[in-house]
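>>> Have a look; sequence and predicted model below, questions after that.
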Amino acid sequence: MASTIHLESRRTRETAESRPPSPGGAVGGGDRLARLVAAHYLAVHRLLFRLVGNREDADDLAQECFVRAQRRGGEVDEVGALVWLRRVALNLARDHHRSRGRRLRREELAGLESIERRSGEPAPDARLRGADLHRALRQALGELPERLRVALVLRVFEGLDYDEIARLVGRRPGTVRIQVMKARRELERRMGPFLDEESTT
């Protein structure tokens, strides 16, 4: 029987590279901005890293999110700031991919740590096969259409519910649910030959 793909929502470790910039730097100053950065930078950076796939671009785009928040001043309600920042992050990630004219590269997806196979503690040779499976999964995820990939990242990796995703991307909850389902099925389809091969080893 072929192996199945198991997707889990898991928070990415907070590393030194993803720590927020000083509010007094290029992002801008002020107590209000400092509170926004302290409260939401890691969440915004994590989302962007999962969407664009490399830390340097995620750093730049996260900073741009807070630059825009500073420019909008009092228009951004601190209570609802994360929703606003996520929406800006999605738009920036979309523009980033369009400007590069490419899909996510395989190596840029290395930060997507939550795609796993439910297999217990593997033997050494099984670990090697598992690493191959993870690489293939990352590649397949990067090849998904943008709408499906965004819906899947927000649902599986960010842990948002369908109503929250719908508000962020401007679609109906039912549409988002279907897109997540299609994304999962597409991953299964793309991974089918690999999983069949794994089941015979």
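Yep, that arrived. Residues are numbered from 1 along each chain as shown.

>>> okay, now D77: neighbour count?
D77 has 9 neighbouring residues, counting by other CB atoms under 10 Å. Using the backbone N, CA and C atoms, a C-beta is placed for each residue, glycine as well.

>>> doesn't C65 make contact with V37?
No - in this structure, V37 is not within contact of C65 by CB atoms under 8 Å, at 9.9 Å.

>>> what about the longest helix in this structure?
In the chain, with assignment by DSSP state H, the single longest helix is helix 173-199.

>>> Pull out the buried residues from that helix.
175-177, 179-180, 182-184, 186-187, 190-191, 194-195, 198 (16 or more other CB atoms under 10 Å).

>>> Mind checking the pLDDT average for that helix?
Throughout helix 173-199, pLDDT has a mean value of 80.

>>> Identify the farthest-apart pair in the buried residues of helix 173-199.
Farthest apart among the buried residues of helix 173-199 by CB to CB are T175 and E198. That separation is 33.1 Å.

>>> Please pull out the lowest mean pLDDT helix or strand from this protein.
Least confident helix or strand, the chain: strand 115-116 with a mean of 42, by mean pLDDT, DSSP states H and E.

>>> okay but E158 is in contact with L47, surely?
Yes - judged on CB under 8 Å, E158 makes contact with L47 at a distance of 6.1 Å.
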